[in-house]
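Novice: here is a sequence with its predicted model. Questions after.
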Amino acid sequence: MVLGARAEEEGGDRLALWLEVSGTAGPNYTYDMYFEAMADAGADDVVQQDDDGLAVVIPAASADKLRGATLDVSSQGDEAGMVIVNPTSPTSAPAHPPADLSGEVAQRVIAVLDADVNPGIAAHGGRADLVAVEEGTAYLRLSGGCQGCGMATVTLSQGI
């Protein structure tokens with residue numbers, strides 16, 4: 001997919017795929033992905049070469065924000081395209097102190113999320129975290145690939 005798109009570009013054999021953090025949207029980063037000459041990479045930029053001859057360049061300013069991230073191609077129906085799974089997120093002060101999640105119900109919910117839910121939605125770059133348990137109701141935060149996904153409601157009602 002990426003190699004085919006690059007081949008259609010003028011001078012494609014000299015182009016690298018550049019990936020950088022362009023800003024934030026709520027609790028997640030937003031990204032720019034584009035082809036640019038490999039020769040434009042600076043000494044401090046991170047360059048990763050894959051087995052197919054595609055170079056991926058991460059500008060130095062985005063390197064820490066993308067540390068541990070993976071880039072993959074998804075072919076799942078309406079969600080087909082490039083998927084970035086990034087374990088880091090922008091740091092911001094919480095709007096309120098975190099809830100106490102040490103209780104038995106909270107720990108059971110966390111165990112189910114960790115063992116059953118997150119492995120399934122991680123394949124799509126998503127993650128579910130317990131935010132609070134109040135009066136028998138568990139409050140979750142969906143992030144990563146779930147942010148803005150049209151299937152998030154289905155995941156909540158049928159998957160979780």
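Specialist: Okay, I see it.
Novice: wait, what's in contact with the residue nearest the centre of the chain?
Specialist: Against the mean C-alpha coordinate of the chain, by CA atoms, centre = their mean, the closest residue is residue 85 at 2.9 Å. For residue 85, the residues meeting the contact criterion (CB atoms under 8 Å, 6 or more residues apart in numbering) are 69-70, 72, 122, 125, 144-145. Quick note: C-beta positions are derived from backbone N, CA and C, even for glycine.
Novice: any chance of the residues you listed in TSV, with secondary structure and neighbour count too?
Specialist: TSV is the format used below for the contacts of residue 85 (DSSP: H, G, I helix; E, B strand; the rest coil; neighbours: other CB atoms under 10 Å):
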residue	secondary structure	neighbour count
69	coil	18
70	strand	11
72	strand	11
122	helix	14
125	coil	21
144	strand	22
145	coil	23
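Novice: with respect to residue 39, which of those residues is nearest?
Specialist: Residue 39 has its nearest neighbour among the contacts of residue 85 in residue 69, at 24.2 Å by CB to CB.
Novice: which residue, neighbours along the chain excluded, lies closest to the closest one?
Specialist: residue 86 (4.0 Å; CB to CB, 6 or more residues apart in numbering).
Novice: okay, now the unreliable bits of the protein?
Specialist: Counting by pLDDT under 70, the ranges of the chain that qualify are 76-80, 92-97, 145-152, 159.
Novice: break it into its domains for me.
Specialist: The record's domain parsing of the chain by automatic domain parsing lists 2-85, 104-159.
Novice: make JSON lines out of the contacts of residue 85 and add distance to residue 133.
Specialist: Listed next are the contacts of residue 85 as JSON lines, based on distance: CB to CB, whole Å:
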{"residue": "69", "distance to residue 133": "31"}
{"residue": "70", "distance to residue 133": "31"}
{"residue": "72", "distance to residue 133": "33"}
{"residue": "122", "distance to residue 133": "23"}
{"residue": "125", "distance to residue 133": "26"}
{"residue": "144", "distance to residue 133": "22"}
{"residue": "145", "distance to residue 133": "25"}
